[in-house]
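Student: Below are the sequence and a predicted model; questions follow.
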Amino acid sequence: MKKTNSLVRSTTAKLSKLARSQANPFDKVLTLFLLERAVVRMVADEALSRHLIFKGGYVSVRVYDSPRFTIDIDAVLHGLS
């Protein structure tokens, strides 16, 4: 449990520092971090990643550096029965 608490504090401190350096609200930076971690876990699954197509606001933010903020991940599964 101590290691988990330490990791949470460390991650929060790093995200807070990043938010300040970017002049972004902490909640926005935290949300984008959590979305990115979810995407990493989805694409790490070889069977799933071959069929995932991401779309919507998340793609706009990550690929095109859109100023539009998103709080979800839009994706479809293609060719998976």
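Tutor: Now that the structure is in, tell me what you want to look at.

Student: CA only for contacts and neighbour counts going forward, please
Tutor: Will do.

Student: For the one helix or strand residue 34 maps to, give the mean pLDDT please.
Tutor: According to DSSP states H and E, residue 34 maps onto helix 26-44. Averaging pLDDT along helix 26-44 gives 94.

Student: That helix - contacts with which helices or strands?
Tutor: Under the contact criterion of 3 or more C-alpha pairs under 8 Å, 6 or more residues apart in numbering; DSSP states H and E, helix 26-44 touches helix 2-22, helix 46-49.

Student: JSON lines for those, including mean neighbour count and distance to residue 66?
Tutor: Putting the helices and strands packed on helix 26-44 into JSON lines (neighbours: other C-alpha atoms under 10 Å; distance: least, C-alpha to C-alpha, whole Å) gives the following:
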{"stretch": "helix 2-22", "mean neighbour count": "12", "distance to residue 66": "15"}
{"stretch": "helix 46-49", "mean neighbour count": "12", "distance to residue 66": "24"}
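
Student: Throw those helices into JSON lines and include distance to residue 72, thanks.
Tutor: Below are those laid out as JSON lines (distance: least, C-alpha to C-alpha, whole Å):
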{"stretch": "helix 2-22", "distance to residue 72": "19"}
{"stretch": "helix 46-49", "distance to residue 72": "18"}
